[in-house]
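> A predicted structure for the sequence below; I have some questions about it.
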Amino acid sequence: MKRFSKIIGTGGYLPETIRTNDDISKLVDTSDGWIFERTGIRNRHIAAADETSASMAEIAAKKAIEMAGIEAGEIDLIIVATGTPDRVYPSTACLLQQRLGIQNCVAFDIQAACSGAIFAMSIADQYIKNGAADKVLIVGSEICSRLVDWNDRGTCILFGDGAGAVLLDSSEEAGILSTHIHSDGEYENLLYCPNPQAATDKNQAEKGVITMRGNEVFKMAVNTLGRIVDETLTANNMEKTDIDWLIPHQANTRIIAATARKLKMSMDQVIVTLENQGNTSSASVLLALNEGIRSHQIQRGHVILLEAFGAGFTWGSALIKY
Ligand code: ACO
């Protein structure tokens with residue numbers, strides 16, 4: 001019998017404090033008009049001093065578990081995607097496992113920058129399809145505000161904090177139809193964040209902040225996401241019109257609009273959370289999925305295309321029948 005990974009719950013968490021474009025224009029030479037026109041962002045949430053990726057993940061995960069109506073102890077595998085782990089080790093997934101009071105499941109982190117949630121879905125889908133796991137909890141949780149140089153107007157306008165979660169269960173019904181993930185380390189220099197603790201003598205002076213050649217990343221993102229749309233449709237023998245919803249990584253409205261145009265989709269069929277969340281890296285697609293489902297825009301039976309692009313470069317898609 002064929003096994004699929006079915007979504008049984010989603011959750012999200014955004015910290016209380018909001019930083020507006022006007023707040024940022026007091027820190028660097030920019031304006032609400034410039035930021036909104038070039039990115040689609042107006043506000044982003046900023047984690048409180050005592051919040052961490054694990055604490056935010058816990059809140060998002062509990063909401064997904066509640067929606068699914070299961071006990072946390074039924075979870076077989078936890079995968080956390082994060083670029084801002086609480087500790088180098090143990091993994092944030094192990095910290096989350098402890099917070100959820102689960103003793104005997106497998107838990108590990110993955111690092112694929114903004115594509116992390118899609119990579120995690122791809123891994124989870126393999127475990128579920130081959131029978132190694134039934135219930136898998138995926139969380140993307142990020143405190144980007146602590147990696148941002150608040151003096152760099154090319155990056156500090158973009159990022160926000162938050163956590164998104166999805167719970168998958170094995171099912172005879174579709175489910176995740178396919179996932180497609182890719183990496184190309186060639187472009188490391190266009191988007192990176194050094195780890196000063198692991199620096200060599202040569203790069204010791206580098207600060208642990210996000211460094212990006214935004215315009216070059218932008219062009220790569222548009223082209224690459226266009227290609228992955230074709231790859232996903234071809235693999236499933238589907239037409240553009242078969243897709244009900246696009247759930248893109250929330251980096252820039254102009255990148256999102258380009259992908260929607262490629263799919264000949266109206267922006268009404270795209271879940272956009274960017275305006276009030278900014279780019280929450282690996283949390284962004286899961287936060288948008290949660291919003292689409294909880295607002296009842298996405299209904300059972302709808303076909304949704306999730307896609308993301310991030311540092312690495314990494315990129316990927318997941319085609320899902322909800
Ligand atoms: N306010 C005002 N002016 C600005 C700002 C700002 N915040 N930032 C840049 N500018 C200026 C530049 O200095 C430049 O001025 P110049 O023409 O006098 O030299 C001009 O605006 C144009 O700069 P560009 O960098 O070409 O602006 P662009 O339209 O590309 O927008 C942006 C910049 C928003 C960063 C865009 O390139 C972008 O969104 N890039 C992609 C980000 C992304 O998708 N990242 C991947 C995921 S992140 C992850 O994986 C961690």
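Sure thing, it's come through.
> Could you pull up the residues touching the residue in the stretch 151-300 of the chain positioned nearest to the ligand?
At 2.9 Å from the ligand, Gly214 is the closest residue in the stretch 151-300 of the chain, using C-beta to the nearest ligand atom. For the C-beta atoms, the positions are set from N, CA and C on the backbone; glycine is no exception. For Gly214, the contact set (C-beta atoms under 8 Å, 6 or more residues apart in numbering) comprises Gly154, Thr155.
> That one and Cys156, how far apart?
Gly214 sits 12 Å away from Cys156, going by C-beta to C-beta, to the nearest Å.
> do Leu319 as well
Taking C-beta to C-beta, one finds Leu319 at 34 Å from Cys156.
> swap in Trp150?
Note on Trp150: its distance to Cys156, by C-beta to C-beta, is 5 Å.
> Can you identify each of the helices in this structure by residue range?
21-24, 32-39, 53-68, 92-99, 116-129, 214-235, 253-262, 274-277, 284-294 (DSSP state H).
> Kindly report the residues of the stretch 101-250 of the chain close to the ligand.
Applying C-beta under 6 Å from any ligand atom, we find that the stretch 101-250 of the chain lies next to the ligand at Ala113, Cys114, Arg153, Gly154, Ile157, Leu191, Gly214, Asn215, Val217, Phe218, Ala221.
> repeat that for 8 Å
Counting by C-beta under 8 Å from any ligand atom, the positions of the stretch 101-250 of the chain adjacent to the ligand are 113-115, 144, 153-159, 191, 193, 210, 212-215, 217-218, 221, 249.
> Pull out the buried members of those residues.
Burial by neighbour count, judged by 16 or more other C-beta atoms under 10 Å, picks out 113-115, 144, 153, 155-159, 191, 193, 210, 212, 214, 217-218, 221, 249 from these.
> ok, back up a step: shared neighbours, Trp150 and Cys156?
Joint contacts of Trp150 and Cys156 (C-beta under 8 Å, 6+ apart) are Leu27, Val28.
> Kindly state the beta-bridge partners for Ile181.
Beta-bridge partners of Ile181, counted by DSSP bridges, are Gly316.
> For it, grab the count of nearby residues.
Counted with other C-beta atoms under 10 Å, residues neighbouring Ile181 total 19.
> How about Asn43?
Count around Asn43 with other C-beta under 10 Å applied: 18.
> Make sure it is actually in contact with Thr17.
No: judged on C-beta atoms under 8 Å, Asn43 makes no contact with Thr17 at a distance of 10.3 Å.
> Spatially central residue in this protein, please.
The centroid of the chain falls nearest to Ser282 when counting by C-alpha atoms, centre = their mean (2.9 Å).
> measure the spatially closest residue to it that is not a sequence neighbour to Thr253 for me?
Closest residue to Ser282 apart from its sequence neighbours, by C-beta to C-beta, 6 or more residues apart in numbering: Gly116 at 3.1 Å. Look at Gly116 and Thr253: by C-beta to C-beta, they are 21 Å apart.
> Also Lys26?
24 Å.
> neighbour count winner among these two?
Neighbour totals were compared for Lys26 and Thr253, and Thr253 leads with 21 against 8 (other C-beta under 10 Å).
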